[in-house]
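Peer 1: Kindly generate the corresponding structure for this input.
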Amino acid sequence: FQDSRRYNSGYAPDNREVNKLDFIQAYGELYFKNAIGKDRPVSIRVGRMAYEVLDRRLIARNEWRNTTNSFQGVRALFGQNKNDWQFEAMALQPLDRLLDDLDEPIENQWFFGGIGTWRRWSDVITLQPFYLGLHQDQEIGFTERMIHSPGIRGYGFIGDTGFDYDTQFVYQFGRDGNRQQRAFGSVSEIGYRRKDLEWKPRLSANYGYASGDKNPTDRKNERFERFFGFARPWSNNDYFQWENIHAPKARIEFQPDKKLRIDAGYSAYWLASDTDRWNNTNLRDTTARSGDFIGHERDIRVRYKLIPQLDVNVGYAYFAPGKFTQLTGRDDASNFVYLELTARLFE
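Peer 2: Residues are numbered from 1 along each chain as shown. As a prediction, this is how the structure comes out:
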């Protein structure tokens, strides 16, 4: 269960930050240890579930936010992580996070699909083909939608070279109200770690893309749907998500001590479609006269284990607005400092 609250704020409470005492996990499970072969179990879970799969960009608990994504329904797992293949199928309803009452499933929404994982057929790649779908009935405040999202993810280490990579491609089609859904998203990262050095530094470069809607008055919607993904990989300010974006990023990580980890990065952001919105701020210029450069961000984070039961996470992020942001009314830079303490009762 989880209890999320906020104090001393000048803003109205919302369910990104407030969700008083409620269950986010409460399910029954049937577990068959050798159902499809030796050490190849089948697990069927029914109830409430909060979990993460793929690279957390489409399904995540979203722990950077004060509240947690959770679902109610059925999840079936065939195989386990140590097997050379695994498959997951799910049929779930997202939970509506109610501020003061018990959460309830959103009755007119179903989130469903299947995710395969193919391991150890190659020394350098693990493949995850998947299909995810979102069906939403038309009701007051909701548009009828049927979004299909086939995709594939590949990741791994390139031998003993020190290089690693992770890449994902998603295509979307279906209906969004009276418009056809036609969207695309991709993320690619390559990293290099020097394991022979005491501080184990890692350098990485990442590029993320998600299409945006080109014309709000036509019969086609090109805006990418990120479902229930995690926004944190895009920005430590939590300003961005996987929608209408070009986002290159460079990052360095190192570990001066077994208790201390430090990482820092630089990111830049452009609109994929200069007529579509920047979601988290709801800024938009349908005339495209404001350009497409949103701005850039620099950040640093320090994580330290004070004692086995207590972790400290301190970070700073600076965002400088670009032409689009300035011309649509947000011309100030922002400075964001945060402190997190994570305590565990058992270690």
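
Peer 1: who's sitting farthest from the centroid in this structure?
Peer 2: Largest separation from the mean C-alpha position in the chain: residue 38, at 33.9 Å (Cα atoms, centre = their mean).

Peer 1: For it, what is the enclosing helix or strand?
Peer 2: For residue 38, there is no enclosing helix or strand under DSSP states H and E.

Peer 1: Check the gap between it and residue 110 for me.
Peer 2: As judged by Cβ to Cβ, to the nearest Å, residue 38 and residue 110 stand 35 Å apart. All C-beta spots, glycine's among them, are computed from the backbone N, C-alpha and C.

Peer 1: for residue 96, same thing?
Peer 2: Separation of residue 96 from residue 110 (Cβ to Cβ) stands at 14 Å.

Peer 1: So which of the two has more stuff around it?
Peer 2: More crowded of residue 96 and residue 110, by other Cβ atoms under 10 Å: residue 110, with 17 against 13.

Peer 1: ok, that one - contacts?
Peer 2: If you count contacts by Cβ atoms under 8 Å, 6 or more residues apart in numbering, residue 110 has them with 73, 91, 92, 93, 134, 135, 136.

Peer 1: Equivalent analysis for residue 157, please.
Peer 2: Per Cβ under 8 Å, 6+ apart, neighbours of residue 157: 124, 163, 164.

Peer 1: Recalculate using a threshold of 7 Å.
Peer 2: Residues in contact with residue 157 (Cβ atoms under 7 Å, 6 or more residues apart in numbering) are 124, 164.

Peer 1: got a list of what the closest residue in space to residue 126 that isn't next to it in sequence touches?
Peer 2: Leaving aside its sequence neighbours, residue 126 sits nearest to residue 119 (Cβ to Cβ, 6 or more residues apart in numbering; 5.0 Å). Listed by Cβ under 7 Å, 6+ apart, the contact set of residue 119 reads 84, 85, 126.

Peer 1: Need the distance between the two termini of stretch 64-81.
Peer 2: Stretch 64-81 has its terminal residues 25 Å apart, counting by Cα to Cα, to the nearest Å.

Peer 1: what about it, average pLDDT?
Peer 2: Averaged over stretch 64-81, pLDDT sits at 93.

Peer 1: now what about it, what contacts it?
Peer 2: With Cβ under 7 Å, 6+ apart as the test, stretch 64-81 has contacts from 2, 4, 6, 15-17, 19, 24, 36, 40-50, 60-62, 85-95, 97, 105, 111, 228, 232, 238.

Peer 1: Filter those down to the buried ones.
Peer 2: Among the contacts of stretch 64-81, those classed as buried by neighbour count (16 or more other Cβ atoms under 10 Å) are 2, 4, 15, 17, 19, 24, 40-45, 48-50, 60-62, 86-90, 92-95, 97, 105, 111, 228, 232, 238.

Peer 1: picking up where we left off before, of the contacts of residue 110, which is the nearest to residue 269?
Peer 2: Closest to residue 269 out of those is residue 134 (25.4 Å), distances taken as Cβ to Cβ.

Peer 1: Next one: the closest residue in space to residue 1 that isn't next to it in sequence from residue 90, what distance?
Peer 2: Spatial nearest neighbour of residue 1, excluding adjacent residues (Cβ to Cβ, 6+ apart): residue 23 at 4.9 Å. Distance, residue 23 to residue 90, using Cβ to Cβ: 18 Å.

Peer 1: Give the burial count for residue 3, as a bare number.
Peer 2: Using other Cβ under 10 Å, residue 3 has 9 other residues around it.

Peer 1: List the contacts of it.
Peer 2: Contact analysis of residue 3 by Cβ under 7 Å, 6+ apart lists 20, 21.

Peer 1: now the strands: where do they sit in the stretch 101-250 of the chain?
Peer 2: Assigned by DSSP state E, counting those that start in this stretch, the strands in the stretch 101-250 of the chain fall at 104-105, 109-118, 126-136, 145-157, 163-176, 179-193, 202-210, 220-221, 245-257.
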